[in-house]
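Enquirer: Give me a 3D structure for the following:
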Amino acid sequence: MSNSADRHRSCRSRIPLSPITASNRTVEEPPMRIPADVLAVLSDRTEADGHRLTLGGPRLPPALYQRVNEVLEAVGGRWTKSEGAHLFPVYVAEALAPVLATGEVVTPGERRTLAQYFPTPAPVVDRLIVLAALEPGMTVLEPSAGSGAIATAAAARGAIVDCIERDPGYATALSDTHVARRVLVADFLTVPVEPRFDRVLMNPPFTRGTDMAHVVHALRFLKPNGLLVSVMSWTVTEQTDGTTAFRRLVEQRGGRVETLPARAFARSGTTVDTVLVAIPATRPDGARPTVWPVRDIPVQDARELGSPADIATEIVSDLRKAVAAFEMVASGLTRPAPTTVPNDIEVS
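Expert: Residues are numbered from 1 along each chain as shown. Just a heads-up that it's a prediction; the model follows:
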């Protein structure tokens, strides 16, 4: 069997493959060095045919095959029994080229842990779907879809769903569920605008205000009467230099902001405070002013403060003590200084 590396290099992908980063945060990920025996299999025994990859030659020992399969899954491959091959969301050449060139890969487990990927919990998905007022047949986009929790719920309600996910591993897993009409492997912020969706439902990255950038870009994908509903960081509710423009946009569109319960994402691995933000493509007639939630500040019970007379008495007492202290200081300052040196002080 000839070395398949030439076949890998000769293929061309019709879908651009972005660097592997998880959909819920962008971080630098330390790669795993691929063992020599696994790299030899990938280099010498793989046969690529577009999106299909097969292994030639004698059957691999189970332990070695498991390690080869882990690398293939890390770059988006999924074993499909009916095809007798690993299927990729992009051309095999594009998926394997970085692996063969560097001998390194980031495994799915490392990616989930290090990239802080936090799937959307079912209660949050349910509330998001309610705010979206979905109807059967509506077209829905889920950007940065991850494993597609939102897309799955939308499809279950009769929506026609498209997804965008930059990580080929997550994209492949999502494609395997068949809940989406289309799964595009791309960085959402680089995807050209197509204003053809009735709804955009999303849980974008939060790091350094990335959620605002994703939501602003996503609004451009809506039809004129469309609606976007997104999970967002609590930070957007605070009036700062970084949030002013976004808050103004939400208010101009007649958007709605709803606080999610504390620790809503705890089971997904984070306790960050979050909100749901619903923004229409165009401001509806009769839209109410946007009400931004505020954090609850415990109010001290009035009974613990005492009556006004007691408070006044306490203030007068404190003032008297302060005056007495000042008088003692003043008395010490006006006392004549000693003219002789005390016996217990040594003079050189």
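Enquirer: Tell me the helix or strand right after the lowest-mean-pLDDT helix or strand in the chain.
Expert: Least confident helix or strand of the chain, by mean pLDDT, DSSP states H and E, is helix 5-10 with a mean of 32. Counting by DSSP states H and E, the next helix or strand C-terminal to helix 5-10 is strand 32-33.
Enquirer: can you give me the offset of that following strand from its chain's centre?
Expert: 25 Å (C-alpha atoms, centre = their mean, to the nearest Å).
Enquirer: Let me see the mean pLDDT of it.
Expert: Mean per-residue pLDDT for strand 32-33: 79.
Enquirer: again, but for stretch 237-246
Expert: 94.
Enquirer: What residues of it count as buried?
Expert: 237, 243, 246 (16 or more other C-beta atoms under 10 Å). (C-beta placed from N, C-alpha, C; glycine too.)
Enquirer: what does stretch 200-209 give?
Expert: Neighbour-count burial for stretch 200-209, with 16+ other C-beta under 10 Å as criterion, is recorded at 200-206, 209.
Enquirer: which helices and strands sit right next to the longest strand seen in the chain?
Expert: Secondary structure assigned by DSSP state E gives strand 222-233 as the longest strand of the chain. Strand 222-233 is packed against helix 122-132, strand 197-202, helix 210-219, strand 274-280, with contacts defined by 3 or more C-beta pairs under 8 Å, 6 or more residues apart in numbering; DSSP states H and E.
Enquirer: Can you tell me the strand partners of that strand and which way each runs?
Expert: Strand 222-233 has its sheet partners listed here by DSSP bridges as strand 197-202 (parallel), strand 274-280 (antiparallel).
Enquirer: Could you provide the helices and strands packed on strand 222-233 in JSON lines, with additional columns for mean pLDDT and distance to Ala309?
Expert: Compiled in JSON lines, these are given as follows (pLDDT from 0 to 100; distance: least, C-beta to C-beta, whole Å):
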{"stretch": "helix 122-132", "mean pLDDT": "95", "distance to Ala309": "50"}
{"stretch": "strand 197-202", "mean pLDDT": "98", "distance to Ala309": "58"}
{"stretch": "helix 210-219", "mean pLDDT": "96", "distance to Ala309": "52"}
{"stretch": "strand 274-280", "mean pLDDT": "97", "distance to Ala309": "44"}
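Enquirer: Highest mean neighbour count out of the ones you listed?
Expert: strand 197-202 (a mean of 25; mean count of other C-beta atoms under 10 Å).
Enquirer: now that one against helix 122-132, angle please.
Expert: Counting by axes from the mean of the first three to the mean of the last three C-alpha atoms, to 10 degrees, strand 197-202 lies at 150 degrees to helix 122-132.
Enquirer: Quick one: residues in contact with strand 197-202.
Expert: 128-129, 132, 134, 138-144, 150-151, 154, 159, 162, 214-215, 218-219, 221-223, 225-231 (C-beta atoms under 8 Å, 6 or more residues apart in numbering).
Enquirer: Please enumerate the helices of the stretch 151-300 of the chain.
Expert: For the stretch 151-300 of the chain, the helices defined by DSSP state H, counting those that start in this stretch occupy 168-177, 210-219, 244-252.
Enquirer: quick one: which of those helices is nearest Asp44?
Expert: Taking C-beta to C-beta, helix 168-177 is the member of the helices of the stretch 151-300 of the chain nearest to Asp44, at 23.0 Å.
Enquirer: list the buried ones in that closest one?
Expert: So, applying 16+ other C-beta under 10 Å, buried residues of helix 168-177: 168-175.
Enquirer: Kindly indicate which of these lies nearest Ser317.
Expert: Looking across those and measuring by C-beta to C-beta, the closest to Ser317 is Tyr170, at 66.9 Å.
Enquirer: Can I have the buried ones of the contacts of strand 197-202 as a PyMOL selection?
Expert: Restricted to buried positions by 16+ other C-beta under 10 Å, the PyMOL selection for the contacts of strand 197-202 reads:
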select buried, resi 128+129+132+134+138+139+140+141+142+143+144+150+151+154+159+162+214+215+218+219+221+222+226+227+228+229+230+231
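Enquirer: Now the closest residue to Gly209 other than its chain neighbours. Its backbone dihedrals?
Expert: Among residues not flanking Gly209 along the chain, Gly242 sits closest, at 5.6 Å (C-beta to C-beta, 6 or more residues apart in numbering). Reported as degrees, to the nearest 10, the phi and psi values for Gly242 are phi -80, psi -20.
Enquirer: and the buried residues of stretch 200-209 as a markdown table, adding distance to His51?
Expert: What follows is those, written out as a markdown table (distance: C-beta to C-beta, whole Å):
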| residue | distance to His51 |
| --- | --- |
| Val200 | 28 |
| Leu201 | 28 |
| Met202 | 27 |
| Asn203 | 28 |
| Pro204 | 28 |
| Pro205 | 28 |
| Phe206 | 33 |
| Gly209 | 36 |
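Enquirer: what angle separates the longest strand of the chain from helix 210-219?
Expert: Using the same axes, to 10 degrees: strand 222-233 against helix 210-219 is 170 degrees.
Enquirer: Next, the angle from strand 222-233 to helix 244-252.
Expert: Using the same axes, to 10 degrees: strand 222-233 against helix 244-252 is 130 degrees.
Enquirer: can I get the CA coordinates of strand 222-233 in PDB?
Expert: Output of strand 222-233 as PDB, limited to C-alpha atoms (Å, rounded to 0.1, in the frame of the first residue of the first chain):
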ATOM      1  CA  LEU A 222     -32.700  37.800  11.100                       C
ATOM      2  CA  LYS A 223     -35.500  38.500   8.700                       C
ATOM      3  CA  PRO A 224     -37.100  42.000   9.300                       C
ATOM      4  CA  ASN A 225     -39.700  40.500  11.600                       C
ATOM      5  CA  GLY A 226     -37.300  38.100  13.300                       C
ATOM      6  CA  LEU A 227     -36.300  37.700  16.900                       C
ATOM      7  CA  LEU A 228     -33.000  36.800  18.600                       C
ATOM      8  CA  VAL A 229     -32.900  35.200  22.100                       C
ATOM      9  CA  SER A 230     -29.500  34.700  23.700                       C
ATOM     10  CA  VAL A 231     -27.900  33.600  27.000                       C
ATOM     11  CA  MET A 232     -25.500  36.400  28.000                       C
ATOM     12  CA  SER A 233     -23.300  37.300  30.900                       C
END
